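Engineer: Next one to model:
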Amino acid sequence: MSRFDWDDLRFFLAVARVGRLTVAARRLGADHATVSRRITALEDALKAKLFERRPQGYALTEHGERLLSKAEAIETQALAVSSEIGGADLALSGTVRIGAPDGFGAMFLAPRTANLGEQYPDLEMQIVAMPRLLSLSKREADIAISLAPPKEGKIVARRLTDYRLGVFATQAYLDAHKPINEPDDLQDHTVIGYIDDLIFTPELDYLDEVSKGMRAKLQSSSLVAQMQAALAGAGVVVLPYYVAAADSRLVQILPEKATFTRAYWLIVHADLKDIARIRATMDFLVREVKSARQEFLPDDRP
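Structural biologist: The predicted structure follows:
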């Protein structure tokens, strides 16, 4: 153990999480040769092979998998020391990465980040607005916004808000196509929606709730891309109310017959929830969502 360098764990974690030296090096602000050298030094010190070197990247061995959980626990404790012992100024500096569905991340969260920046100027926020689930255990995000609570893991979750969805199109599109008087009439229109085999959570597989058997003819993994296609007159699209409200060209179709609700959940790893910068960011998210309740759930609910 006299040869063990604790700092090598930072390099190990970076490579374990992204699987590539070059990407890990960029995250660490180092060159890939340094990262490779530190990984080799750690393997020599532990007398264990931690990665399988493959053409497509670095894959954890059984020893590497065992070390990963231990290294993440050490990382968590180091973060707690910085927060609890280092004082408020240190605690509210650094980076907080938020993973969110692209609609929430791009249309709701991004425009509000200035509020947090004004309150904590030394805090760096990263928004990962992607149509997929992010792993908190692998530190792909510090905080995640999800459409369902986690079923397992050392996770703390709270229901952030319900939100309503409806069907929208431009008036120009509606004027040029068959009238829509019932949900089943949508079957005769170009429906814009998610790519079937890239739907990353069952809560987004909602077209059946609008009209049984309805499928998207124009598909994208991105809600923002779906919205842009509808704005261009390509068809009708299911959108959260708060997203559709961002552009007055979108007209709601059958507001009394084609609406439904989903929920957003705020999720954090249990070991991080009390770290000051994480807690401050979660409080910010809760406040912003609460103040925008009318956007998520308008009073004109049918």
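Engineer: what's downstream of the host helix or strand of A280, the next helix or strand?
Structural biologist: Secondary structure assigned from DSSP states H and E places A280 in helix 276-291. The C-terminal neighbour of helix 276-291 among helices and strands, as given by DSSP H and E, is helix 293-296.
Engineer: Which strands or helices does that following helix pack on?
Structural biologist: Counting contacts by 3 or more Cβ pairs under 8 Å, 6 or more residues apart in numbering; DSSP states H and E, helix 293-296 packs against strand 155-170, helix 241-244. No exception for glycine: its C-beta is placed from N, CA and C like everyone else's.
Engineer: who wins for proximity to D271 among the ones you listed?
Structural biologist: Evaluated with Cβ to Cβ, those place strand 155-170 nearest to D271, the distance being 9.6 Å.
Engineer: longest helix of the chain?
Structural biologist: Looking across the chain with DSSP state H, the single longest helix is helix 62-84.
Engineer: What angle do helix 276-291 and that helix make with each other?
Structural biologist: Between helix 62-84 and helix 276-291, the angle comes out at 80 degrees (axes from the mean of the first three to the mean of the last three Cα atoms, to 10 degrees).
Engineer: Surely E140 and L134 touch.
Structural biologist: Yes: here E140 reaches L134: they are 4.3 Å apart, a contact under Cβ atoms under 8 Å.
Engineer: For the two, work out which one has more neighbours and name it.
Structural biologist: L134 (20 against 17; other Cβ atoms under 10 Å).
Engineer: Let me know the helix or strand that the more buried one is in.
Structural biologist: Using DSSP H and E, L134 maps to neither a helix nor a strand.
Engineer: Pull up the gap between it and L297, please.
Structural biologist: If you measure L134 against L297 using Cβ to Cβ, to the nearest Å, the figure is 26 Å.
Engineer: now swap in M227 and tell me
Structural biologist: Relative to L297, and taking Cβ to Cβ, M227 is found at 20 Å.
Engineer: again with G105
Structural biologist: 20 Å.
Engineer: Please identify which of these two sits among more neighbours.
Structural biologist: Between G105 and L297, counted using other Cβ under 10 Å, the more crowded position is G105 (20 against 16).
Engineer: ok, which stretches of the stretch 101-250 of the chain are helices?
Structural biologist: With helices called from DSSP state H, counting those that start in this stretch, the stretch 101-250 of the chain shows them at 102-103, 113-119, 171-176, 207-210, 223-231, 241-244.
Engineer: Could you dump those helices into a markdown table with mean neighbour count and mean pLDDT added?
Structural biologist: What follows is these, written out as a markdown table (neighbours: other Cβ atoms under 10 Å; pLDDT from 0 to 100):
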| stretch | mean neighbour count | mean pLDDT |
| --- | --- | --- |
| helix 102-103 | 20 | 92 |
| helix 113-119 | 12 | 86 |
| helix 171-176 | 13 | 97 |
| helix 207-210 | 17 | 94 |
| helix 223-231 | 20 | 97 |
| helix 241-244 | 22 | 96 |
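Engineer: any chance of those helices in CSV, plus distance to Q252?
Structural biologist: Shown next, in CSV, are those (distance: least, Cβ to Cβ, whole Å):
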stretch, distance to Q252
helix 102-103, 16
helix 113-119, 28
helix 171-176, 11
helix 207-210, 13
helix 223-231, 12
helix 241-244, 7
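Engineer: Can you check which of these gets nearest to P150?
Structural biologist: Within the helices of the stretch 101-250 of the chain, the stretch nearest P150 is helix 102-103; the backing value is 19.9 Å (Cβ to Cβ).
Engineer: Point out the other helices and strands that that closest one packs with.
Structural biologist: Contact analysis of helix 102-103 by 3+ Cβ pairs under 8 Å, 6+ apart lists helix 223-231 as its packing neighbours.
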